[in-house]
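**Q** Coordinates only, no sequence provided:
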């Protein structure tokens, strides 16, 4: 029974003369005090009982819109469980929030990269999914599942959901397709475009592209000095580091910048809006996979039901088309329709062998040092 | 209990809710931050509790932090001076206007009804490459190509002035409004010109308001985080951005705690200096 119903019953008893005015107001006051004093721990206790809502946090913008329209609203309609839809600008910010919260406060997150999965595991934020409750997981590409199993071999805390690349986005009015292919990642440190270059304020992406610009393997950078010099050069030529997908789209659409690295789905969304923006994945472009990660302390049955609903073929395809990232469903098992094969980074083989992903051990091992160093380089040091 | 004892207790009884709130919402969290600043960040996983001076040593000896702190104080000082120069004439005009004073004050408060972030982002639509100013200049033939005006220190200061100007105007207004206008007439009757009357009578009497507004603007500007993120370029970060990055991006809460405490100490010293020479009463008057 919800609180409104309780109040209406109480008021009815009062109006019928079953309880005194003093008692009616006393009970109202007690209810108010109880509500006001309810601690976050109460949510955990409630999680064990009837679940009326699940919190989901994602990347905002067109991605959240796609999730809300094609997954959350139909799920709520079907089950009656409300999905509280939060957003975050980046994985680091979200992890900081989760670390400061009580278990159960945050439930499911749309996380990016296997390195994020490894980080959450290291902070003991993992849950244990009962795969039997998620039958649609059988349609997910094994390559995506294996990446997580290598970190938590005995259990899974997440369902792979989509993948994409962080490639090069460029304004075709100012940069031709030929020039982009010829220069590749080095176009981001080309003096010719000084003041018209952008970049994500994410240390991983900066170092990844610095590796490409200096001809190194992003998963095994040998000449660190050369890589940091490339990061510095990019900084000196850049107009702005963007901090969110919405800002990336705005900077490109408003022509404040002509070239930046960008998220494949967001650039596709810009192209669909009619902007003459090109997208190019240079060799060893930054590939990543996203998952629906269930955090420790969450109501597991409801979360598993939501995951299964989201991995359903129709839901998954609708969300993928909405957010412009290919789904995690195996294209050799599931017919993904006409639009998805045209999305950037789509892999028809279902093996993802053509994409280069970040090695979680390598990148997480360097996180403390490189994220701090980038903080300095970013500010002119 | 005697009447004297009861009277002595009354202020403390009245202050109890406020003191409880301040203790729970300010002092206790601050103590947590102090404790955290002596912990150590682990490479992976939970932080290492204990009493380590590593974060403080780094924060106090590393030139990087000192430079960003000085740059932050410089931006805050420029913003404060700009607010004073722009705010004084506005406050003077409002205090001397007859009849429509309330409407002018309401107009001054109007921007507060819009989110600070939205107000800051509005500059992108004004100064952007395809923004109103560039479009207008191209339209009238002043320029052929749009000028890059955004994402530098000037736009950061512009955004801060936009945000903080009402605080300065209100403080100066309160001070000017309390000055007896007969004093200016008296100065005139003694042979002073209007300008001399302003310089030698009105301005000195309004200085406490100017100082209170200055302190508020300076402290708020020095602690700002969002304006450099939205309107600044790569090298335009301020000290609060370092705190954000340490805590949120690097997940280094111990270092972030030490950085935030350092900023708090620096700004606290400035407030103490202000209190020593001007007193906090004027600040309370301005805020009221």
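**A** Received it, and whenever you're ready, just let me know what you need. Everything quoted here is computed from the prediction, not taken from an experiment.
**Q** okay, now residue B:69: neighbour count?
**A** Residues within reach of residue B:69, counting by other Cβ atoms under 10 Å in any protein chain shown, total 19. C-beta: built from backbone N, CA, C; applies to glycine.
**Q** Leaving aside the residues adjacent along the chain, what's closest to it?
**A** Using Cβ to Cβ, 6 or more residues apart in numbering or on different chains and skipping residues adjacent in sequence, the residue nearest residue B:69 is residue B:239, 5.3 Å away.
**Q** try residue B:34
**A** residue B:261 (6.6 Å).
**Q** any residue of the longest strand seen in chain A up close to chain B?
**A** Longest among the strand segments of chain A by residue count, using DSSP state E, is strand A:158-171. No: Strand A:158-171 stays clear of chain B (Cβ under 8 Å from any Cβ of the partner chain), getting no nearer than 11.5 Å.
**Q** Does anything pack onto that strand? Which helices or strands?
**A** helix A:142-149, helix A:245-253, strand A:259-263, helix A:264-272, strand A:277-280, strand A:286-294, helix A:300-311, helix A:313-323 (3 or more Cβ pairs under 8 Å, 6 or more residues apart in numbering or on different chains; DSSP states H and E).
**Q** can you list contacts of the next helix or strand after it?
**A** The helix or strand immediately downstream of strand A:158-171 is helix A:177-183, counting by DSSP states H and E. Helix A:177-183 is contacted from outside by A:168, A:170, A:187, A:190, A:278, A:280, using Cβ atoms under 8 Å, 6 or more residues apart in numbering or on different chains.
**Q** Pull the most distant pair out of those.
**A** A:190 and A:278 (15.4 Å; Cβ to Cβ).
**Q** and residue A:130, what is it in contact with?
**A** A:300, A:304.
**Q** ok, now residue B:36?
**A** Counting by Cβ under 8 Å, 6+ apart, residue B:36 has contacts B:47, B:253-254, B:257.
**Q** can I get these in a markdown table with secondary structure and neighbour count?
**A** A markdown table is the format used below for those (DSSP: H, G, I helix; E, B strand; the rest coil; neighbours: other Cβ atoms under 10 Å in any protein chain shown):
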| residue | secondary structure | neighbour count |
| --- | --- | --- |
| B:47 | coil | 15 |
| B:253 | helix | 21 |
| B:254 | helix | 25 |
| B:257 | helix | 24 |
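**Q** So among those, where is pLDDT lowest?
**A** Across the set of these, residue B:47 stands lowest in pLDDT, at 84.
**Q** Just say helix, strand or coil for residue A:151.
**A** coil (DSSP: H, G, I helix; E, B strand; the rest coil).
**Q** So it versus chain B, what's the distance?
**A** 12 Å (Cβ to the nearest Cβ, to the nearest Å).
**Q** what about that residue, neighbour count?
**A** Count around residue A:151 with other Cβ under 10 Å applied: 20.
**Q** Also residue B:25?
**A** By other Cβ under 10 Å, neighbour count at residue B:25 equals 10.
**Q** Now for residue B:220: which residues touch it?
**A** Applying Cβ under 8 Å, 6+ apart, the residues near residue B:220 are B:163-164, B:167.
**Q** Fine, thanks again, bye for now.
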